[in-house]
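Q: Got a predicted structure here, sequence first:
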Amino acid sequence: MAAAPASRWYNAVWRWHFYAGLFCMPFVLWLAATGTIYLWKPQIEAWLERPYDTLTPAGPRASAAAQVKAAMAAMPGATLHKYQLPERPGEAARIIVGRKGIETRVYVDPYRLRVLGTATESERPLRVVSDLHGTFRAGNPGSYLVEIAACWTVTMLLTGLYLWWPRRARGLGGVLYPRLRSGKRLFWRDVHAVAGIWVAVLALLLISTGLPWAKFWGSYFKEVRTVAGTLDGPQDWPTGARNAMLGDHAEHAGMTMAHGAAPGGDLDRVVAAVYPLGIAPPVLLAPPTRGTEWTVSSDAADRPQRTSITVDGTTGALTSRRDFADRHWLDRAVGYGIAAHEGALFGLANQLLGTLTALLLATLSVSGAAIWWRRRPQGLLGAPIALSRPRYGTMLIALVLLLALAMPLFGATLGLAVVADWLLLPRWPGLRRWLGRAPIRA
């Protein structure tokens, strides 16, 4: 007897949850591991850079121009890209210079004008972790792959909630906590379900706040905003692979432009003008690409604290200022989301919550793999068997269409998967049988 349309929809959800889980598991584990490391960036970087932050002052601090001159002498042919405003005594100056298409961070003792060390910006440990997290260090193709995995993880979570939502449950066992004395099969099932229920909302927020960085979705979001007339100046976040010459976020409207030589007196005037403003650190001073205006920007991890100003280097006069509150509400919403994603919005509690979310996602993946491994038939993939419990197909169709509109790469890859499932698999009965995709009768 043919399966009823509603039960066929339920079976399809069950199968797509299974396939999405198999595809997403390795990506979820990778992103959870790299994301957790990056969450603790402030503590890790403070430990890694402690040799440059425990200097013994010896006389007055040299001028900023003298510090830059020392850095440039160590990097012949380089141009100044950014000077980082020192935060405290005993701290080495950070001067970022560009040479042959590569940015290098030069650490200078501001008291003795000695170069203490150099580091290629793209190879700094936490920058490497960030790139591994966002692109697998594979450029824009890696960003596309991460985005596809993120979109299918959303699908996995939503279909999992649909399948596992408590129905006729007796007590909270298996719903809010796993039953530990009911055998291994039920234990892994409960661990998977409970981890999914606890992590679903946090994980969906985590994924949605990460999508603006993705190459395709970030560009899609920007195009939609352009059409809607809500684009308000350059974005404060990168999309896809980051340009090594621009650092963490593009400056000067996202265009790569050569920085001119920095007049010494100008830099000192800008430093003197910026210090009293109390801008959230780290504060980066970039020389003009043309004219006399220096760009001064806060690179604070907590993005709502960021400020961007311009200062006339010849006079030290403030010529413009734009605080976070001055940005379009969409930019502010994304800024709050990114700060929360990176664990910077509400301090240590944010880092702990992000770590807990990553651990629950890893638990979800490991328990799902354990369930699959224990139940799979020998020699087969072990996709779920056909079931007959009725569910509502119309809501599922609407949800799929909504997800496809919100995440175009999900829609595109789902379309390819459906075409393969309906048109190609029937031509390979052996592969269809191995995948557990039994023929559907009309």
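A: Right, received. Where do you want to start? Numbering: from 1, shown residues only.
Q: Pull the number of nearby residues for the closest residue to Ala362 other than its chain neighbours.
A: Once flanking residues are discounted, Ala362 sits nearest to Ala32: 4.7 Å by C-beta to C-beta, 6 or more residues apart in numbering. (C-beta placed from N, C-alpha, C; glycine too.) Per other C-beta atoms under 10 Å, the neighbour tally for Ala32 reads 23.
Q: you'd agree Glu45 is in a helix?
A: Yes - assignment of Glu45 by DSSP: H, G, I helix; E, B strand; the rest coil places it within a helix.
Q: doesn't Thr363 make contact with the residue nearest to Ala362?
A: No - taking contacts as C-beta atoms under 8 Å, Ala32 lies outside contact range of Thr363: 9.5 Å.
Q: Which helix or strand contains the residue nearest to Ala362?
A: helix 5-39 (DSSP states H and E).
Q: How about Leu163?
A: With DSSP H and E as the test, Leu163 turns up in helix 139-164.
Q: now the helix or strand following that helix: how far from the chain's centre is it?
A: Later in the chain than helix 139-164, the nearest helix or strand by DSSP H and E is helix 184-210. How far helix 184-210 lies from its chain's middle: 20 Å, per C-alpha atoms, centre = their mean, to the nearest Å.
Q: same check, this time on stretch 374-386
A: Relative to the centre of its chain, stretch 374-386 is centred 34 Å away, using C-alpha atoms, centre = their mean.
Q: re the thing from before, tell me the contacts of the residue nearest to Ala362?
A: Contacts for Ala32 were tallied using C-beta atoms under 8 Å, 6 or more residues apart in numbering; they are 358-359, 361-362, 365.
Q: now those: which count as buried?
A: 358, 361-362, 365 (16 or more other C-beta atoms under 10 Å).
Q: so where's the stretch 201-350 of the chain uncertain?
A: Under the criterion pLDDT under 70, the flagged ranges of the stretch 201-350 of the chain are 242-264.
Q: how about the strands in it?
A: For the stretch 201-350 of the chain, the strands defined by DSSP state E, counting those that start in this stretch occupy 283-286, 293-298, 307-312, 318-323.
Q: Looking at the ones you listed, spot the one closest to Trp14.
A: strand 293-298 (48.8 Å; C-beta to C-beta).
Q: neighbours around Tyr275, how many?
A: 12.
Q: now the residue lying closest to it once chain neighbours are set aside: how far from Leu318?
A: Counting by C-beta to C-beta, 6+ apart, Tyr275 lies nearest to Leu85, which is 7.2 Å off, once chain neighbours are set aside. Look at Leu85 and Leu318: by C-beta to C-beta, to the nearest Å, they are 15 Å apart.
Q: More neighbours: these two, which one.
A: The neighbour comparison of Leu85 against Leu318 (other C-beta under 10 Å) goes to Leu85, with 20 against 15.
Q: which ones are touching the more buried one?
A: Applying C-beta under 8 Å, 6+ apart, the residues near Leu85 are 271, 274-275, 279, 281-285.
Q: Recalculate using a threshold of 7 Å.
A: Going by C-beta atoms under 7 Å, 6 or more residues apart in numbering, Leu85 touches 271, 274, 281, 283, 285.
Q: Next, it: phi, psi?
A: When read as degrees, to the nearest 10, the backbone of Leu85 gives phi -70, psi 120.
Q: where's it relative to Trp198, distance?
A: In terms of C-beta to C-beta, Leu85 sits 42 Å off from Trp198.
Q: gap between the residue nearest in space to the middle of the chain and His341?
A: Nearest residue to the geometric centre of the chain (C-alpha atoms, centre = their mean): Gly210, 4.2 Å. Gly210 sits 6 Å away from His341 when distances are taken as C-beta to C-beta.
Q: got it, and Leu364?
A: Distance of Leu364 to His341, computed by C-beta to C-beta: 19 Å.
Q: Compare the two and say which one has the larger neighbour count.
A: Between Leu364 and His341, Leu364 has the larger neighbour count (other C-beta under 10 Å), namely 30 against 24.
Q: Contacts only, for the more buried one.
A: By C-beta under 7 Å, 6+ apart, the neighbours of Leu364 are 192, 195-196, 199.
Q: which one of those is nearest Ala71?
A: Checking the contacts of Leu364 one by one against Ala71 (C-beta to C-beta), the nearest turns out to be Val199, at 45.9 Å.
Q: so what's that closest one closest to, chain neighbours aside?
A: Leu360 (3.7 Å).
Q: quick one: pLDDT of that neighbour?
A: In this model, Leu360 is scored at 92, pLDDT.
Q: Same check on Leu425?
A: 72.
Q: And for it, nearest residue in space, chain neighbours not counted?
A: Arg432 (4.6 Å).
Q: Can you tell me the element that neighbour falls in?
A: Under the assignment here (DSSP H and E), Arg432 is part of helix 429-434.
Q: Using the record, which stretches count as separate domains in this protein?
A: Using automatic domain parsing, the domains assigned to the chain come out as 5-39+130-212+349-434, 60-123+247-326.
Q: relative to helix 139-164, how tilted is the one helix or strand the residue nearest to Val199 maps to?
A: Secondary-structure element containing Leu360, defined by DSSP H and E: helix 347-375. Interaxial angle of helix 347-375 relative to helix 139-164 (axes from the mean of the first three to the mean of the last three C-alpha atoms, to 10 degrees): 70 degrees.
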